[in-house]
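Peer 1: Mind looking at a prediction? Sequence and model below.
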Number of protein chains: 2
Amino acid sequence: MRLAVIGVGLIGGSIGLAARERIPGVTVSGFDPGAGVLDAAGERGAIDVPASSLAEALEGAEACFVCAPVGSLPELIGKALAAADPGCVVTDAGSTKRLIAATTDDERFVGGHPVAGSESAGVQNARGDLFEGAAWYLTPGERSSGLLYERLHRLVTQLGAHPIAIDAETHDRLLATVSHLPHVLANVLVSQAARALDSAGEALPRIGPSFRDATRVAGANPGIWTDIYATNGELIAAEIDQLREQLSRVAEDLRRGERQAIDSWNQRAREDRRRLLEAELAGGPVHELRVSVPNRPGVLAGVALALGKGGVNIVDMALAPAPDNRSGAITFWITGDGAAKRARELMDELDFPVLKVP
Amino acid sequence: MRLAVIGVGLIGGSIGLAARERIPGVTVSGFDPGAGVLDAAGERGAIDVPASSLAEALEGAEACFVCAPVGSLPELIGKALAAADPGCVVTDAGSTKRLIAATTDDERFVGGHPVAGSESAGVQNARGDLFEGAAWYLTPGERSSGLLYERLHRLVTQLGAHPIAIDAETHDRLLATVSHLPHVLANVLVSQAARALDSAGEALPRIGPSFRDATRVAGANPGIWTDIYATNGELIAAEIDQLREQLSRVAEDLRRGERQAIDSWNQRAREDRRRLLEAELAGGPVHELRVSVPNRPGVLAGVALALGKGGVNIVDMALAPAPDNRSGAITFWITGDGAAKRARELMDELDFPVLKVP
């Protein structure tokens, strides 16, 4: 299999490394406009073939990963789709997905977002295990090809990640809550500490571990984050509004010395955190679920999205077209008893006959 | 030397363990009203002598550490002072200091706050290295004895910590910024994520590392934290107000898509964080500074506070009374060239003759 990586930085380079380490018989071609980047990528072992243009990198490729700052993705994805073969799946690694979803409805395109990174950018910091155990969101469009979605799902799994299907709007809203908002808070927290200490003309106290943890991502890679803030600004602002309201209530309780209210608030937070982490760690036995579906664009993507929305973790999937080519069977391998039951119910709701029950 | 530990939980037990491991010839007596706590402390090696009352624990003690939730400290410290010898220094380990400072002006009392802890309470989780490298704030009152302050400073150093003199008001304000506010934010952040996911009826996404870091302390030990919130409520509420204002400006920039403003805001946060962490790691060669001071209550504490406020890290100190007993010399060992220079200037400002220049 031939993979093209457009933009060979930390993420693109790590995709190349992971693919070359983990996928037998793969050939990775890479293109990057940055001076010396392809040489460095070659030395690092991240690519097999340096290409002198985007089109050259895509020659004969069955999958293409476009890895660049969100702002430049619409243009690059357009170019990649123009150069790609009809059977090539094109994806990206951008941290926000609505803007990109709005730019193309090509059936070969499936958006992507590996939730992995590092404070250090550049191919010299790329690692073959960067995606090990990481979530990798996939945001298929309504017209995305099931065949190509399945290929991408498998590739992402081979790179070590857990693919999760999600629609672009939900992705951006969830990430605003669990990623972008924490980054905003880290920024305002360090500013506040810096100003408080400056204005008091005092020595800096030793910073406690809670402060260090809470501000680890303050001022995160400005190149990437300014794009994230710019492309998801409204949803992040809505999260900020909600948080400000919560804070206002907490400040009121603190001023009034409402001991009971403060105590239950803190207990609730304890409980919320436990629940969030437990859900994340949920696992269980793997079940097989086979479903009969009509053979038309968008069906597999729709099923994957429904399962993703239902919290079903798809370990693997396989497509088998029926002899008449008008229908087909999808086999899903799913983690956890509850998830398998939920998957069964979701298939019933979608009116797809279940051929093999977990 | 005999030490008394009143309240032998995680902190008290760790003080006992550290003292017994690190201070030659020490005997630790302990008192705790909890059933079975003293037996557990003995088995753990945290105390030598279980005492059947607070007064018994204090018999012959030269230093007493009162380790209990902030709410019960005023009463316990009063009892400890009533039972302690005239030459015994009494301190505590409470996380807020104004309430306690207001309850006594006994010259044997010096407030304390080791910035160390763990998610797991109880003497069974005590560790002899819990304070290794940790900041340990000391909040002497205006009448605190210099002799006893020096003894406590040395003890804290022997336990592995870095003592920092600070007045109670400044302590509570600084901690509101760098510890209590991050805890509040962790709480509201998990609540918001939990509610967002509940209301959407959606699967929990895999939580990114930024969320995990930012919420590590959410719902921290409610027994301790409800006390902290209750005793430092006003200052924390003031910090919340400031943060809400900052957030409001950020939300506005995000809504307007002010790319340039967002970018500089993020860059400033990056710079602020670098500066905060660098300051924390500042070190350098150790200098010796000897100062002549009048021999009266509160002088040494006042000097220590002035140096603490000036960001001077006192590694060690020694007191030597002059033959006439009306004056004395304090020797400070100080880390860093800049700090030593600042210390010299501060002594000039206080009009204390410097006998040995760094």
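Peer 2: Happy to help now that I have it.

Peer 1: which ones are touching A:Lys243?
Peer 2: To be clear, residue A:243 is Leu; Lys isn't right here. Going by Cβ atoms under 8 Å, 6 or more residues apart in numbering or on different chains, A:Leu243 touches A:181, A:185, B:188-189, B:192, B:247. Bear in mind the C-beta positions are built from the backbone N, C-alpha and C, glycine included.

Peer 1: Restricting to C-alpha, output the helix or strand hosting A:Val188 in CSV.
Peer 2: For A:Val188, the host element (DSSP states H and E) is helix A:181-200. These are the backbone C-alpha positions of helix A:181-200, laid out as CSV (Å, rounded to 0.1, in the frame of the first residue of the first chain):
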residue,chain,number,x,y,z
LEU,A,181,-11.7,25.7,27.2
PRO,A,182,-8.9,24.1,29.4
HIS,A,183,-6.4,25.8,27.2
VAL,A,184,-8.1,29.2,27.6
LEU,A,185,-8.2,28.7,31.4
ALA,A,186,-4.5,27.8,31.5
ASN,A,187,-3.8,31.1,29.7
VAL,A,188,-5.9,33.3,31.9
LEU,A,189,-4.5,31.5,35.0
VAL,A,190,-0.9,32.2,34.3
SER,A,191,-1.7,35.8,33.3
GLN,A,192,-3.5,36.3,36.6
ALA,A,193,-0.6,34.8,38.7
ALA,A,194,2.0,36.8,36.8
ARG,A,195,0.1,40.1,37.2
ALA,A,196,-0.7,39.4,40.9
LEU,A,197,2.9,38.9,41.7
ASP,A,198,4.2,41.7,39.5
SER,A,199,1.8,44.3,41.0
ALA,A,200,2.5,43.2,44.5
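
Peer 1: any idea of the angle that helix forms with helix B:181-200?
Peer 2: 160 degrees (axes from the mean of the first three to the mean of the last three Cα atoms, to 10 degrees).

Peer 1: Dump the contacts of A:Leu243 into a markdown table; add pLDDT, neighbour count and distance to B:Leu147 as well.
Peer 2: Formatted as a markdown table, the contacts of A:Leu243 follow (pLDDT from 0 to 100; neighbours: other Cβ atoms under 10 Å in any protein chain shown; distance: Cβ to Cβ, whole Å):
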| residue | pLDDT | neighbour count | distance to B:Leu147 |
| --- | --- | --- | --- |
| A:Leu181 | 94 | 28 | 52 |
| A:Leu185 | 95 | 28 | 46 |
| B:Val188 | 94 | 24 | 46 |
| B:Leu189 | 92 | 26 | 47 |
| B:Gln192 | 90 | 19 | 52 |
| B:Leu247 | 96 | 22 | 49 |
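
Peer 1: What about the residue in the stretch 1-150 of chain A that chain B sits nearest to, how many residues nearby?
Peer 2: Nearest to chain B in the stretch 1-150 of chain A, going by Cβ to the nearest Cβ, is A:Ala135, at a distance of 3.6 Å. For A:Ala135, the number of neighbouring residues by other Cβ atoms under 10 Å in any protein chain shown comes to 20.

Peer 1: which neighbours does the helix or strand bottoming out on mean pLDDT in chain A have in its sheet, and in what orientation?
Peer 2: Least confident element among the helices and strands of chain A, by mean pLDDT, DSSP states H and E: strand A:314-321 (a mean of 76). Under the criterion DSSP bridges, strand A:314-321 sits next to strand A:327-335 (antiparallel) in its sheet.

Peer 1: what's in contact with the partner strand?
Peer 2: With Cβ under 8 Å, 6+ apart, strand A:327-335 has contacts from A:146, A:283-295, A:300, A:303, A:307, A:312-322, A:340, A:343, A:355-356, A:358.

Peer 1: Stretch A:73-80 now?
Peer 2: So stretch A:73-80 is in contact with A:4, A:6-7, A:54-55, A:58, A:64, A:66, A:68, A:90, A:92, A:94, A:99-100, A:103-104, A:109, going by Cβ under 8 Å, 6+ apart.

Peer 1: need the strands for the stretch 101-250 of chain A, in chain order.
Peer 2: When assigned using DSSP state E, counting those that start in this stretch, the strands of the stretch 101-250 of chain A occupy the ranges A:110-114, A:135-140, A:162-165.

Peer 1: For the strand or helix carrying A:Leu99, enumerate the helices and strands it packs against.
Peer 2: Using DSSP H and E, A:Leu99 falls within helix A:98-101. Helix A:98-101 sits against helix A:73-83, helix A:168-175, with contacts defined as 3 or more Cβ pairs under 8 Å, 6 or more residues apart in numbering or on different chains; DSSP states H and E.

Peer 1: How about the contacts made by the residue minimising distance to the centre of chain A?
Peer 2: Nearest residue to the geometric centre of chain A (Cα atoms, centre = their mean): A:His113, 2.8 Å. For A:His113, the contacting residues are A:93-95, A:97, A:136-137, A:139, A:171, A:175, by Cβ under 8 Å, 6+ apart.

Peer 1: With A:Leu181 instead?
Peer 2: A:236, A:239-240, A:243, B:189, B:192.

Peer 1: Could I get the residues you listed in TSV, plus columns for distance to A:Ala121?
Peer 2: Below are these laid out as TSV (distance: Cβ to Cβ, whole Å):
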residue	distance to A:Ala121
A:Ile236	22
A:Glu239	26
A:Ile240	27
A:Leu243	29
B:Leu189	26
B:Gln192	30
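
Peer 1: what about the stretch 251-358 of chain A, any weak spots by pLDDT?
Peer 2: The stretch 251-358 of chain A contains residues with pLDDT under 70 at A:278-284, A:322-325, A:357-358.

Peer 1: With the stretch 1-150 of chain A instead?
Peer 2: A:118-119.

Peer 1: ok, which residues in it are in contact with chain B?
Peer 2: The stretch 1-150 of chain A comes close to chain B at residues A:115, A:134-135, A:137, as judged by Cβ under 8 Å from any Cβ of the partner chain.

Peer 1: could you redo the last one with a cut-off of 10 Å?
Peer 2: A:71, A:115-117, A:133-137 (Cβ under 10 Å from any Cβ of the partner chain).

Peer 1: ok, those residues vs A:Asn221, which is closest?
Peer 2: A:Gly117 (8.0 Å; Cβ to Cβ).

Peer 1: ok, that closest one - contacts?
Peer 2: Residues in contact with A:Gly117 (Cβ atoms under 10 Å, 6 or more residues apart in numbering or on different chains) are A:10-11, A:14, A:93, A:95, A:130, A:134, A:220-221, A:224, B:208-210.

Peer 1: Neighbour-wise, give me the winner out of those.
Peer 2: Result: A:Ser14 is most packed of the contacts of A:Gly117 (other Cβ under 10 Å), 30 neighbours.

Peer 1: Next, it: phi, psi?
Peer 2: phi -70, psi -30 (degrees, to the nearest 10).

Peer 1: quick one, what contacts it?
Peer 2: A:5, A:8, A:44, A:46, A:67, A:93, A:114, A:116-118, A:123, A:125-131, A:159-160 are the contacts of A:Ser14 under Cβ under 10 Å, 6+ apart.

Peer 1: Give me the buried entries from these.
Peer 2: A:5, A:8, A:44, A:46, A:67, A:93, A:114, A:116-117, A:123, A:126-128, A:130-131, A:159-160 (16 or more other Cβ atoms under 10 Å in any protein chain shown).

Peer 1: Can you give me the domain boundaries for chain A?
Peer 2: Domain assignment of chain A by automatic domain parsing yields the ranges A:2-166, A:171-248, A:286-356.
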